[in-house]
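Visitor: just a sequence and a predicted model for now, questions to come.
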Amino acid sequence: MMRIAIASGKGGTGKTTIAASLAQTLSREKSLSVLVSDCDVEGPNLHLYLQPDFKDTKPVFQMIPEVDNETCTGCGICADVCQFNAIVVLNDKPLVFPELCHGCGSCTLTCPEAAIREVPVKIGMLMRGPGKSQINLRQGTLDIGEPQAVPIISALKKWYFPEIPDLEIIDSPPGASCPVVEALRGADYVLLVTEPTPFGLHDLKQAYQVTEELGLHAGVIINRASFDEKGVREFCLNHDLPILLQIPLDQQIGEGIARGKTLVEIFPEYEEEFIDMYEDIKKRLLEC
Amino acid sequence: MKIAISSPDGKADSEFSGRFGRCEYFILMQTDTDEWEKVKNPARGSRGGSGPQVVQFLANQGVDVIISGRYGPNAYTALQASAVEPYLAQSGTPLDLLGAFREGKLRKAAGPSGPGHHR
Ligand code: SF4
Ligand code: SF4
């Protein structure tokens, strides 16, 4: 199985429509079984394009410490041991801040009185099912107000379909923070989607940094390509980043996407380009 | 009574800091003796949850009253669980604010203000 992740330093670069178009093209034209994982858990939107029938759902829980005030002596060790400042001891009573807790279990393990137990708290949902063009989609959603995207993404990636697909396409959250690292981890190849503007370049650099830190192979897709792309080009050249695909700035594309259409549904001629890009990626992976 | 005032530079006669969890220093003032000292904010560099950390730190120092510009939701929850009383100020040096507090001119914080700091 090959795993291609799609990332960008900021939202709104067209990452999602590219993920959907690549999935559709390879499923239809190359008869690959494709699984798409929407890891943008704060606003998953691939389902708008792939229209899946989410047959399976599964809640995601995080273990949050709960202190038994009867047994607790107020010694404060739990507060000292918590790296995330999620417990403080005030008036000899521990106070837990669930939204700061990472569920690491250290406090429970170190409490000398065994006064802490862990209780599950729901932080989000996973969903999966077949969609358009026989593409399987799975997505995670973070409950409103819950700040922890990483556990949802890691649960989503571990939630395997019984049949192993030929290709998994991972739509990463935008940015370059911990959730992005979690989404990209384990990818064979990362497509960095960018726009040819100074801001686009800045975000591309940050997203590229993540792929470097993880030691992942990466290439660039320039979306809304127009005149001013020197900065992005130079950066790619200097960092040995291949530019795999360029999609021009086109009003028809923008309007189509707004109506829930993917790029290849608007312009089927792009299928050719996505197939070429896929073959190109395969070749590059063989060479290294 | 012991009063803690958030400060950017640890000086009693320069403008105080409105930031509670992430200020550089606290000026600790003893109202009965008029003595004061500065302490570094131990939670300043933490990634998240500095508010509750600071409340715990100040409570352990025996502080009865805090004067700062705003308190985030987590800090406020911690304050409610502690015996420390939060007061609000807009401007002034720690020495001015101590005077204003003594004259009863400062308002007690009735709830959290400002957004919480998530990671
Ligand atoms: S370590 Fe255990 S006994 Fe000590 S304060 Fe925490 S919960 Fe209470
Ligand atoms: S489980 Fe870990 S992060 Fe959560 S309160 Fe305990 S020590 Fe802190």
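Guide: Received the coordinates, thanks. Ligands and ions are numbered 1, 2, ... in the order given.
Visitor: could I get stretch B:81-101 in PDB with only the CA atoms?
Guide: Listed next in PDB are the C-alpha coordinates belonging to stretch B:81-101 (Å, rounded to 0.1, in the frame of the first residue of the first chain):
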ATOM      1  CA  ALA B  81     -10.700  26.800  44.400                       C
ATOM      2  CA  SER B  82      -8.000  28.800  46.300                       C
ATOM      3  CA  ALA B  83      -8.300  31.300  49.100                       C
ATOM      4  CA  VAL B  84      -6.700  34.000  47.000                       C
ATOM      5  CA  GLU B  85      -8.800  36.900  45.900                       C
ATOM      6  CA  PRO B  86      -8.300  38.400  42.400                       C
ATOM      7  CA  TYR B  87      -8.600  42.200  41.900                       C
ATOM      8  CA  LEU B  88      -8.600  44.100  38.700                       C
ATOM      9  CA  ALA B  89      -6.600  47.200  37.700                       C
ATOM     10  CA  GLN B  90      -6.000  49.100  34.500                       C
ATOM     11  CA  SER B  91      -2.900  51.100  35.100                       C
ATOM     12  CA  GLY B  92      -0.500  52.300  37.700                       C
ATOM     13  CA  THR B  93       2.600  51.200  39.500                       C
ATOM     14  CA  PRO B  94       2.500  48.500  42.100                       C
ATOM     15  CA  LEU B  95       3.000  51.200  44.800                       C
ATOM     16  CA  ASP B  96       0.000  53.200  43.300                       C
ATOM     17  CA  LEU B  97      -2.100  50.100  43.100                       C
ATOM     18  CA  LEU B  98      -1.300  49.100  46.700                       C
ATOM     19  CA  GLY B  99      -2.600  52.600  47.700                       C
ATOM     20  CA  ALA B 100      -5.700  52.200  45.600                       C
ATOM     21  CA  PHE B 101      -6.400  48.800  47.100                       C
END
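Visitor: does any part of that stretch sit near chain A?
Guide: Yes. Under the criterion of Cβ under 8 Å from any Cβ of the partner chain, stretch B:81-101 makes contact with chain A via B:81-83. Where C-beta positions appear, they are placed from N, C-alpha and C, glycine not excepted.
Visitor: ok, residue 65 - how many residues close by?
Guide: Using chain A here. Counted with other Cβ atoms under 10 Å in any protein chain shown, the neighbours of A:P65 add up to 24.
Visitor: meant chain B, my bad for not saying
Guide: 20.
Visitor: any regions of chain B where pLDDT drops low?
Guide: Along chain B, segments meeting pLDDT under 70 span B:114-119.
Visitor: tell me where it has helices.
Guide: Using DSSP state H, the helices of chain B run over B:50-60, B:73-81, B:94-102.
Visitor: how about the second one: buried residues?
Guide: Across helix B:73-81, burial judged by 16 or more other Cβ atoms under 10 Å in any protein chain shown covers B:73-79, B:81.
Visitor: and the residues you listed as JSON lines, adding distance to A:K55?
Guide: Formatted as JSON lines, the buried residues of helix B:73-81 follow (distance: Cβ to Cβ, whole Å):
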{"residue": "B:P73", "distance to A:K55": "38"}
{"residue": "B:N74", "distance to A:K55": "39"}
{"residue": "B:A75", "distance to A:K55": "44"}
{"residue": "B:Y76", "distance to A:K55": "44"}
{"residue": "B:T77", "distance to A:K55": "40"}
{"residue": "B:A78", "distance to A:K55": "44"}
{"residue": "B:L79", "distance to A:K55": "48"}
{"residue": "B:A81", "distance to A:K55": "45"}
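Visitor: farthest-separated two in those residues?
Guide: By the measure Cβ to Cβ, B:P73 and B:A81 form the most distant pair in the buried residues of helix B:73-81, at 13.1 Å.
Visitor: follow-up on the earlier one: tabulate the residues of stretch B:81-101 next to chain A (TSV), appending distance to ligand 1.
Guide: Formatted as TSV, the residues of stretch B:81-101 next to chain A follow (distance: Cβ to the nearest ligand atom, whole Å):
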residue	distance to ligand 1
B:A81	13
B:S82	15
B:A83	17
